[in-house]
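Colleague: below are the sequence and a predicted model; questions follow.
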Amino acid sequence: MANDIKLRLPHLRPYAARLKNHWVWNAKSVLTPGQALRERVTGKVILLTGASSGIGEQLADRLADAGATLLLVARNRDKLDAIAHAIQQRGGKAAVYPADLTDLDACDRLCEQALQDHGRVDILINNAGRSIRRSIKFTYQRFHDYERTMQLNYLASIRLAMNLLPGMEARDDGHIINVSTVGVQANPARFSAYLASKWALEGWTWVAANEFAHTGVRFSSINYPLVRTPMIAPTKVYQYLPVMSPETAVDWMLDVIITQNKRKLGIFGKGALAMYYLLPKTSESIVNLSYQSIFEEPPANYVSSKARRGQAANSADRDAERYRG
């Protein structure tokens, strides 16, 4: 039998302070962003995943220069050591924590070691991610595409968060930032595996934000458009599309750290979201026309549905022949 629901008076006072802080910090982010960033992160311990290249590498430099202690996480120790050394040469503070985040036990060990070394983590930035661009029809025999993206983009991110949240809750202070994509609003074709993992991450983020709204722990999502990073380099068509620079992407992240806003979303994402809700079938048709217009090379060892039907029919004919014989 389910437990009876017990009601209690909610805490209302934190809402007033939160509203005040929202407008104060948003004003600071516009008027004095450099000073506001230093106020936010000086003396803070920040755990940053995906720190060895792209957005993560540049972000680590900016945060360290603003006075934060950076805990740099990625698989490549050599790259992390080089970034940390450059930060330390400038008088900043950085430590490296090489880890394969697809191993959830490694996530636990990472957090345990970080807390042992530094006593706390004030800000968690889940920046590491994996993207796969492939039509659903080409994934019928590739279920691991979904497992791989979900393992890193979703499970690893919340595994880190679940390790660090108890300390944040106890201190009544903390910020978890999850990097997402504008694809969650635009739903482009060929990204079913990637977007499924980001939808899951955003769903967890919004529920967590609602549950902790009366505390000092904050949650944010950043819906980046395409950013010129190594992750998109293998897809040649992106060379001809307008994409965000890593510098602008870092500025977006710093703005979220300052303001602690729940979401950072550009004009394209807002337009796509409005289009999806106001004209869903038109939005679907536009995406589909684009999908049909771009040829996609099937993955190696791909067997089409028609060919599989032919193979099945041939196999049935052979079985029947053997039976008759």
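Modeller: In hand now; what should we look at?

Colleague: got the confidence number for S53?
Modeller: In this model, S53 is scored at 89, pLDDT.

Colleague: I'd assumed R228 was in contact with it.
Modeller: No: counting by Cβ atoms under 8 Å, S53 does not reach R228; the two are 11.7 Å apart. All C-beta atoms are positioned from the backbone trio N, CA, C, and that covers glycine.

Colleague: and the closest residue to L152 other than its chain neighbours, how close does it get to L72?
Modeller: Spatial nearest neighbour of L152, chain neighbours left out: R130 (4.7 Å); criterion: Cβ to Cβ, 6 or more residues apart in numbering. R130 is 19 Å from L72, where distance means Cβ to Cβ, to the nearest Å.

Colleague: so between those two, which is more surrounded?
Modeller: L72 (27 against 19; other Cβ atoms under 10 Å).

Colleague: tell me what the host helix or strand of the more buried one is packed against?
Modeller: Assigned by DSSP states H and E, L72 belongs to strand 69-74. Here strand 69-74 touches strand 45-49, helix 54-65, helix 77-89, strand 93-98, helix 104-118, going by 3 or more Cβ pairs under 8 Å, 6 or more residues apart in numbering; DSSP states H and E.

Colleague: ramachandran coordinates for the residue sitting nearest the centre point of the chain?
Modeller: With distances taken as Cα atoms, centre = their mean, the residue of the chain nearest its centroid is V179 (3.1 Å). Dihedral pair for V179: phi -80, psi 120, per degrees, to the nearest 10.

Colleague: ok so S180 is a helix residue?
Modeller: No: counting by DSSP: H, G, I helix; E, B strand; the rest coil, S180 is not part of a helix but strand.

Colleague: give the contact list for it.
Modeller: S180 is in contact with 198, 201-202, 221-224, counting by Cβ atoms under 8 Å, 6 or more residues apart in numbering.

Colleague: can you pull the pLDDT of it?
Modeller: For S180, the predicted pLDDT is 95.

Colleague: beta partners of it?
Modeller: With beta bridges defined as DSSP bridges, S180 has these partners: N223.

Colleague: measure it to T259 for me?
Modeller: From S180 to T259 the distance is 17 Å (Cβ to Cβ).

Colleague: got it, and S131?
Modeller: In terms of Cβ to Cβ, S131 sits 27 Å off from T259.

Colleague: out of these two, which sits in the more crowded spot?
Modeller: T259 (23 against 19).

Colleague: what about A16, how many neighbours?
Modeller: Residue crowding around A16 was assessed by other Cβ under 10 Å; the count is 9.

Colleague: any idea which helix or strand carries it?
Modeller: Using DSSP H and E, A16 falls in helix 13-31.

Colleague: in that helix, what counts as buried?
Modeller: Within helix 13-31, the residues that count as buried by 16 or more other Cβ atoms under 10 Å are 25-26, 28-29.

Colleague: hang on, the earlier thing: wait, what's in contact with the residue nearest to L152?
Modeller: By Cβ under 8 Å, 6+ apart, the neighbours of R130 are 148-149, 152-153, 194, 231.

Colleague: how close does the nearest residue to Q113 once chain neighbours are set aside sit to S52?
Modeller: Spatial nearest neighbour of Q113, chain neighbours left out: Y97 (6.7 Å); criterion: Cβ to Cβ, 6+ apart. Using Cβ to Cβ, Y97 is found at 11 Å from S52.

Colleague: what's the overlap in contacts for these two?
Modeller: 72, 80.

Colleague: neighbour-wise, which of these two wins?
Modeller: The residue with more neighbours, out of Y97 and S52, is S52; 24 against 21, by other Cβ under 10 Å.

Colleague: show me what contacts the more buried one?
Modeller: Here S52 is in contact with 72, 74-76, 79-80, 83 (Cβ under 8 Å, 6+ apart).

Colleague: phi, psi for K198 please.
Modeller: phi -70, psi -40.

Colleague: so it is in contact with G183, correct?
Modeller: Yes: taking Cβ under 8 Å as the definition, K198 is a contact partner of G183 at 6.9 Å.

Colleague: between the two, who's got more neighbours?
Modeller: Neighbours per residue, other Cβ under 10 Å: of K198 and G183, the larger number sits with K198, 25 against 20.

Colleague: and the more buried one, what does it touch?
Modeller: K198 touches 153-154, 180-181, 183-184, counting by Cβ under 8 Å, 6+ apart.

Colleague: if we go to 6 Å?
Modeller: K198 is in contact with 180-181, 184, counting by Cβ atoms under 6 Å, 6 or more residues apart in numbering.

Colleague: if I look at it, how far off is P188?
Modeller: Distance from K198 to P188, by Cβ to Cβ: 12 Å.

Colleague: also H22?
Modeller: 32 Å.

Colleague: ok so, going back, using PDB, write out every CA atom in the helix holding A16.
Modeller: Extracted in PDB, the C-alpha atoms of helix 13-31 (Å, rounded to 0.1, in the frame of the first residue of the first chain):
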ATOM      1  CA  ARG A  13      11.100  33.300   1.700                       C
ATOM      2  CA  PRO A  14      13.800  32.000  -0.600                       C
ATOM      3  CA  TYR A  15      11.700  33.000  -3.600                       C
ATOM      4  CA  ALA A  16      12.100  36.700  -2.800                       C
ATOM      5  CA  ALA A  17      15.900  36.500  -2.500                       C
ATOM      6  CA  ARG A  18      16.000  34.400  -5.700                       C
ATOM      7  CA  LEU A  19      14.000  37.000  -7.700                       C
ATOM      8  CA  LYS A  20      16.300  39.800  -6.400                       C
ATOM      9  CA  ASN A  21      19.400  37.900  -7.300                       C
ATOM     10  CA  HIS A  22      18.100  37.000 -10.700                       C
ATOM     11  CA  TRP A  23      17.800  40.700 -11.800                       C
ATOM     12  CA  VAL A  24      21.000  41.800 -10.000                       C
ATOM     13  CA  TRP A  25      23.200  39.200 -11.700                       C
ATOM     14  CA  ASN A  26      21.500  39.600 -15.100                       C
ATOM     15  CA  ALA A  27      22.200  43.300 -14.900                       C
ATOM     16  CA  LYS A  28      25.800  42.600 -13.900                       C
ATOM     17  CA  SER A  29      26.300  40.200 -16.800                       C
ATOM     18  CA  VAL A  30      25.400  43.000 -19.200                       C
ATOM     19  CA  LEU A  31      27.100  46.000 -17.500                       C
END
